[in-house]
Each structure stands twice: as structure tokens, then as C-alpha cells.
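K.L.:
pasting the sequence and the predicted coordinates here, then a few questions.
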Amino acid sequence: MNRLTIRRINELNVLREVFNQTPTSRADVAKKLGLTKSTVYNIFTQLENDNLVYDIGQGNSTSSGGRKPVLTNFNAQAGYTINTKINSNSVSCMANWLDGSIIDHKEFPTEGKEASQQLLALYSGIKLMELDNSDLMGISVAIDGAVKNNQIVCAVKNDLANFDLVQVIQSRFNVPVIVENEANLAALAIRDFSDREIESAAAVSLFDRVGVGMIIDGQLYSGKNSQAGEIGNARYLGLGSSQPTALDEVGSDQAVINNLTDLKGKPVVIADIKRWYDLEDEDTLEVLKNFQASLSIILQNILLLFDPEKVVLSSKVLRAIPELLPEVEDVLSNVVNHPINIEMADSTNNDNLLGGCALITRSILELPKVELKFKKRTVPSVD
């Protein structure tokens, strides 16, 4: 290993410490990493020149006295990222500082279902999220589909795979672009925005279809073909049909909406489903029974195969009708003989955007696999 390699490793380790421990001091970083003070001081100077750290004043001296240490912060506002998701009828966009703090979050409708129209909405949304007085450092795009080597392999919107999405966005904004499966990004958000170290977790997305993102041994697991977690394709008997039925067809929010639309003969929204559930409408109860059965199958598989520390669910139906989840947990208690940690996501559409923020920021800082502590907070934008 040559000196330049060792120097770069030391630089990245120092940057990681400042990112995670901000505010900190040069002396504390040197002690934590076992580096000489001169090495750390030189690296801090370089990080200052790169606008990644800044001094904020003096801290308290130790009990034995001596000079007060100079405290240094990670400069989260050295730049920002824009993190997006292509939905069925809209594009979600979030602007974040480099520590993950949320600057702004908006939804932009799409004019049609074609991929070209969705990409136009994506481009317009990113343009509207740009800040005037700060540097855009990177863009992430969450999609409902499989991604390998930063290229779309397949997507729910079949024609989306016909576009080199990364090249399309990079050519317009001239910054690094990462595209990833939306459930995988939600799993990264569980790990990187947690207040404690997470070694194993599963993010279950039930929006347009069923998808699972998994953290195993602290890292995202996507499988040989980058299609791990595509459990919505699995078919089972006993889900409202005499034939084997795919979980996607009964177990997603969109499936519930589609099935009730067919039964009622008119467009249906989540508020309708909640109202009909409260009124004990027979059609609604039957559709939701199959939804619950599908969710029980999904969670049984996850808990028995991977035994994660926590499972986080993202679903508009479950947020509207939280009473559905305890009934599923009762079923699981007969299958899993230990306490289980199942939570609802804080919101229905933030986690995959936060995961995208963590992924692209790690790429920008060249810290792809180390533990980083991102901030889940909302802050005002720059003027």
C-alpha cells in the first residue's frame, strides 16, 4: 500500500469522524483514530480547503487544564442533493443538505403514463427544486423495479427500461446520478437515519406493488440479479381466487384500489376505503381480508428467513386503517415464537427519498460502506 493510498484512507476516516461526531476537535479525532496530531491537522486543513469542515469556536478544556480545543463542524451546506421517486401519477422530489437535513419536499403531477412523460416531469421537478445560492452535488432516482450497476433492468412501467435514465439526467444537470429500487432505498433510510446502529432490517413497500428492501450484516442486500425482495411476484392459493394469485394483485395499496374500483364500478381513493371500512361494507372487508392475508405471508417469510431487528411498513392503506395491522400481528404470533418489531414508516413517501439522499451523499463523500449518522430534520433553505 503506497503513501497516497494511506493518506486517502486517513482523509476519509477523518471525514467520517467529523460527519458523525460534529462538533468535534482535532485532538479528539486524532485520539479516536490513533493518528498523529500533525497528520490530523494537515487533513483538517485540506478538508477546510474543500469547504467540508469549519471551525465554530473553542470547547471546554479538560479537568487537568491546558489549552481549550478548537471545535469543528461538518459543513453540511457545502452542497445539496435532490432525491426523487417516479410514482404512478406523480414525481416526488426532496432537496437535502449533505447531512441529510431536509430543505424542501414537493410532489409534481405527471401528464401521462408514458415513460417519456414521466421523465419530463422528473426533469421539471428537479429544475424547480434547485437552489440559487448553493451547489447541486448529486441526484438520486427511486423507481419501482430492478436496478443493476446503476441501470434499470426492468420496471413496473415497462418502457422506462428503454431509457438510459442516468445518462438522461446527467446530461442535463452535469452531476452524479444514482438510480435504485425504491424499497432498497427505504431500507437504507432505516439504517442510515436511525439513532442507533442497525445490522438487519427490512423495508416493506406496499404502494404500487409489493417490494422488500433488506439490510443484512449492515449492508444492503439485493441478490445476484439485483431482484432480491421481489416477493410480490410470488403466487399463493387462498387469496380470493380458486387459482394461485400473485401477492401484487391483492397485497399492495394499488391492488386494493383496483379491486374495489372493479367491484364498485367507479374510481376509488384511500378516503373511500377508510369510509367503507368504518361502515363495514362487505366488498371492502373482503378485499382488505385478502390484503391482510397477503401481508401475513410477506411478513412470515421475512421474519422466518431473515429474523431482522425491525421491519418497517410503508402503506397508505395501513396508515388510513391502522386497525388492520394488529390482526396481522396476531397471526404472526402463532408462527414466530419471539417478540417482533414491526413499525409503520413515519410517512408514506419520505423513506425512499431519504435513502436516496444517503446513497448519493455517500458516493459524493466517497464513504459508501462505513457507518454514517444522517440527520432526519427539516431546516430552512438558503436565501
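P.N.:
Received it, and whenever you're ready, just let me know what you need.
K.L.:
what sits up against stretch 254-272?
P.N.:
88, 207-209, 248-250, 253, 273, 276, 283-284, 287-288, 290-291, 316-317, 320 (C-beta atoms under 8 Å, 6 or more residues apart in numbering). Glycine gets a C-beta too; all of them are placed from N, C-alpha and C.
K.L.:
centre of the chain versus stretch 24-43, how much separation?
P.N.:
For stretch 24-43, the separation from the chain centroid amounts to 33 Å (computed by C-alpha atoms, centre = their mean, to the nearest Å).
K.L.:
is it true that residue 319 touches residue 344?
P.N.:
Yes: A contact is recorded between residue 319 and residue 344 when judged using C-beta atoms under 8 Å, the distance being 6.5 Å.
K.L.:
could I have the ChimeraX command that selects the buried members from the contacts of stretch 254-272?
P.N.:
This is the ChimeraX syntax for the buried subset of the contacts of stretch 254-272, where burial follows 16 or more other C-beta atoms under 10 Å:
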select :207,208,209,248,249,250,253,273,276,284,287,288,290,291,316,317,320
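K.L.:
which of the contacts of stretch 254-272 fall in strands?
P.N.:
The subset of the contacts of stretch 254-272 located in strands under the criterion DSSP state E is empty.
K.L.:
from the chain's centroid, how far away is stretch 186-205?
P.N.:
Its chain's C-alpha centre lies 8 Å from the corresponding centre of stretch 186-205 when counted by C-alpha atoms, centre = their mean.
K.L.:
where's the nearest residue to residue 102 once chain neighbours are set aside relative to residue 100, distance?
P.N.:
Using C-beta to C-beta, 6 or more residues apart in numbering and skipping residues adjacent in sequence, the residue nearest residue 102 is residue 378, 4.6 Å away. When C-beta to C-beta, to the nearest Å is the yardstick, residue 378 and residue 100 sit 11 Å from each other.
K.L.:
what's the answer for residue 276, then?
P.N.:
On the measure of C-beta to C-beta, residue 276 and residue 100 end up 39 Å apart.
K.L.:
now do residue 326
P.N.:
Using C-beta to C-beta, which is the criterion applied here, residue 326 is 32 Å from residue 100.
K.L.:
which one of these two has more residues nearby?
P.N.:
Set residue 326 next to residue 100 and count neighbours by other C-beta atoms under 10 Å: residue 100 wins out with 22 against 8.
K.L.:
in a strand, that one, correct?
P.N.:
No: remark: residue 100 does not belong to a strand; assigned using DSSP: H, G, I helix; E, B strand; the rest coil, it is coil.
K.L.:
touching, it and residue 362? I think so.
P.N.:
No: the pair formed by residue 100 and residue 362 falls short of the contact definition of C-beta under 8 Å, at 10.8 Å.
K.L.:
can you report how many residues neighbour residue 37?
P.N.:
In terms of burial, residue 37 registers 12 neighbours under the definition other C-beta under 10 Å.
K.L.:
what's the local residue count around the closest residue to it other than its chain neighbours?
P.N.:
Ranked by C-beta to C-beta, 6+ apart and with sequence neighbours excluded, the top spatial neighbour of residue 37 is residue 30, at 5.0 Å. By the criterion of other C-beta under 10 Å, residue 30 has 20 neighbours.
K.L.:
per-residue pLDDT, residue 30?
P.N.:
Residue 30 carries a pLDDT value of 95.
K.L.:
was I right about it contacting residue 44?
P.N.:
No: with contacts defined as C-beta under 8 Å, residue 30 does not count as touching residue 44, sitting 9.8 Å away.
K.L.:
surely the residue nearest to residue 102 touches residue 97?
P.N.:
No: the pair residue 378 and residue 97 does not pass the contact test of C-beta under 8 Å, sitting 10.7 Å apart.
K.L.:
these two: who's more crowded?
P.N.:
The residue with more neighbours, out of residue 378 and residue 97 and counting by other C-beta under 10 Å, is residue 97; that gives 25 against 10.
K.L.:
host element of residue 40?
P.N.:
According to DSSP states H and E, residue 40 maps onto helix 37-49.
K.L.:
a helix runs through residue 203, doesn't it?
P.N.:
No: when the secondary structure is assigned by three-state DSSP, residue 203 falls in strand instead of a helix.
K.L.:
who's it bridged to?
P.N.:
In this structure, residue 203 bridges to residue 213, residue 312 when assessed by DSSP bridges.
K.L.:
ok, now how distant is it from residue 350?
P.N.:
Distance from residue 203 to residue 350, counting by C-beta to C-beta: 12 Å.
K.L.:
who's more crowded, the two?
P.N.:
Summary of the neighbour comparison: residue 203 and residue 350, criterion other C-beta under 10 Å, with residue 203 having more neighbours (30 against 21).
K.L.:
test my guess that that one contacts residue 344.
P.N.:
No: in this structure residue 203 lies outside contact range of residue 344 using C-beta under 8 Å: 11.6 Å.
K.L.:
joint contacts of residue 203 and residue 350?
P.N.:
residue 189.
K.L.:
how is residue 140 assigned, secondary-structure-wise?
P.N.:
Of the three states, residue 140 takes strand according to three-state DSSP.
K.L.:
mind listing what it touches?
P.N.:
Residues counted as contacts of residue 140 (C-beta under 8 Å, 6+ apart) are 81-84, 177-180, 185, 353, 356-357, 359-360.
K.L.:
bridging residues for it?
P.N.:
residue 83, residue 178.
K.L.:
need the per-residue pLDDT for the closest residue to residue 215 other than its chain neighbours.
P.N.:
Nearest-residue entry for residue 215: residue 201, 4.5 Å, with adjacent residues in sequence omitted and distances by C-beta to C-beta, 6+ apart. With respect to pLDDT, residue 201 scores 96.
K.L.:
related to what we said a few turns ago, shared neighbours of residue 203 and residue 344, anything?
P.N.:
312, 314.
K.L.:
since that was my last question, I'll sign off now.
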